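Asker: Need a 3D model of the following:
(chains A and B)
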Amino acid sequence: MYGKGLRALSIATVAAMALALSLVFFYAPLDAEQGFLQKIFYLHVPLAIVALCGFVLGALLAIAHLRTRDPRWDMRSYVAIHMSLIFGVGALITGSIWAKGSWGHWWVWSEPTLVSFLIVFLLYATYQPLRFAIEDPERQARYASVFAITAGAFVPLNFMAVRLASAYVHPRVLGSTSNLPGPMALTFLVSLAAMALLYATLCKFELTAKHTRAQLRALRRRLLGEIPDTQARRPRSAAPTLQPGATVGTQAASRTAL
Amino acid sequence: MTAAIVLGDVPALPLHEAGKYVAAAYIVLFALMLVYLSIMAIRMSRIERELGELLEGTQRAAEQPPGAPEPDVQRESTLA
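Answerer: Next up, the predicted model:
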């Protein structure tokens, strides 16, 4: 079910990434102030934007989980946050490299955008340990959803607070203060779209893998008569486990195999 | 040192200087993707191995004559 459209999405991602890289290195003009170093902008900013949007997406999916109590929404929320953390690591590392080349320092503590992103990242870094600390799967999913919603609400608030800060030195890309020339703006938008597609593809890939694993476990139980997850002592894990009832097609697959 | 001083009129790095930073940033992205895909590949191979075990178990069960006692597939799988 989750794997449907994965192939088309993967092809679109590869094409978009290739187009974005071509535009970055062969079309976008060199920046007057930063020169070639500014090419990092087309990687770092989309990574940061997609990571923050992914955190908000995780919160929205967590709301759906609390409303429906369907574990599949918890799984989606978990994957969205998990992937955003990976993108966040990328944004932090590429940002540091850019800062070193541009400012001569790996990190500038007085820069509100950098510090606020780090705070958001560290906040979400506690998501996995929180899940791992709770053994009961239902309680784990519920608490994780509450965390995801609370932290998700913090992301746009944090973003607005930083933009309202008067003494900032971080360049502004989006909004009325942006002065990106046309070719640079186009390259940036294509890079952003490519990064968003990469995020979507990796999320879908991860969901497909988890769903396949759940189906395989259900099949193994049917064929080998193993104890169901609900009765067996489940090894402690931060990742949510799809229950047999939640994995659509599991029962049918087992019947077919038998 | 304040950020304003840090940013004050920093001249653009020459291409040979900036190139290594740009390359490092893009390599970071590809390294992250590579690590992620390697982890996913390990998971996929585990799924493939488990599927193979299941298939082997069912094939062995199917090859048994109707009157013969059923093999202990679960035990064999555990031992394997």
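Asker: And chain B, is stretch A:117-125 touching that?
Answerer: No - Stretch A:117-125 lies out of reach of chain B by CB under 8 Å from any CB of the partner chain, never closer than 14.4 Å. No exception for glycine: its C-beta is placed from N, CA and C like everyone else's.
Asker: could you dump that stretch to CSV, C-alpha only?
Answerer: What follows is the C-alpha trace of stretch A:117-125 in CSV, where atoms were taken according to Å, rounded to 0.1, in the frame of the first residue of the first chain:
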residue,chain,number,x,y,z
PHE,A,117,17.4,26.3,14.6
LEU,A,118,19.7,24.5,17.0
ILE,A,119,17.2,24.8,19.8
VAL,A,120,14.4,23.3,17.6
PHE,A,121,16.8,20.5,16.5
LEU,A,122,17.7,19.7,20.1
LEU,A,123,14.1,19.8,21.1
TYR,A,124,13.3,17.2,18.5
ALA,A,125,16.4,15.2,19.4
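Asker: Contacts for that stretch next, please.
Answerer: The list of residues contacting stretch A:117-125 from outside it, by CB atoms under 8 Å, 6 or more residues apart in numbering or on different chains, reads A:48, A:51-52, A:55, A:81, A:84-85, A:88-89, A:91-92, A:95, A:151, A:154-155, A:158.
Asker: filter those down to the ones close to chain B.
Answerer: Filtering the contacts of stretch A:117-125 for neighbours of chain B using CB under 8 Å from any CB leaves A:Val89.
Asker: The top helix by length along chain B near chain A anywhere?
Answerer: Among the elements of type helix in chain B, defined by DSSP state H, the one spanning the most residues is helix B:15-63. Yes - residues of helix B:15-63 contacting chain A under CB under 8 Å from any CB: B:15, B:17-19, B:21-22, B:24-26, B:28-29, B:32, B:36, B:40, B:43-44, B:47, B:50-51, B:54, B:57-58.
Asker: In helices, which of the contacts of stretch A:117-125 appear?
Answerer: Those of the contacts of stretch A:117-125 lying in helices (DSSP H): A:48, A:51-52, A:55, A:81, A:84-85, A:88-89, A:91-92, A:95, A:151, A:154-155, A:158.
Asker: how distant is the helix or strand containing A:Val162 from the center of its chain?
Answerer: In this structure, A:Val162 is located in helix A:137-164 according to DSSP states H and E. Once both centres are worked out by CA atoms, centre = their mean, to the nearest Å, helix A:137-164 turns out to sit 14 Å from its chain's centre.
Asker: do the same with stretch A:37-51
Answerer: Centroid separation between stretch A:37-51 and its chain, computed with CA atoms, centre = their mean, is 15 Å.
Asker: do the same with stretch A:42-56
Answerer: Taking CA atoms, centre = their mean, the mean C-alpha location of stretch A:42-56 is offset from the chain mean by 8 Å.
Asker: Residues contacting that stretch, please?
Answerer: Against stretch A:42-56 from outside (CB under 8 Å, 6+ apart): A:20, A:24, A:28, A:80-81, A:83-85, A:87-88, A:90-91, A:94-95, A:98, A:117, A:120-121, A:124, A:151-152, A:155-156, A:159, A:173, A:187-188, A:191-192, A:194-196, A:198-199, B:25-26, B:29.
Asker: out of those, which are buried?
Answerer: The neighbour count (16 or more other CB atoms under 10 Å in any protein chain shown) marks A:20, A:24, A:28, A:80-81, A:83-85, A:87-88, A:90-91, A:94-95, A:98, A:117, A:120-121, A:124, A:151-152, A:155, A:159, A:173, A:187-188, A:191-192, A:194-196, A:198-199, B:25-26, B:29 as buried among the contacts of stretch A:42-56.
Asker: Neighbours of residue 56, how many?
Answerer: Went with chain A since none was named. Taking other CB atoms under 10 Å in any protein chain shown as the criterion, the count of residues near A:Val56 is 19.
Asker: Please refer instead to chain B.
Answerer: B:Glu56 - counted by other CB under 10 Å - has 14 other residues nearby.
Asker: Many thanks, have a good one.
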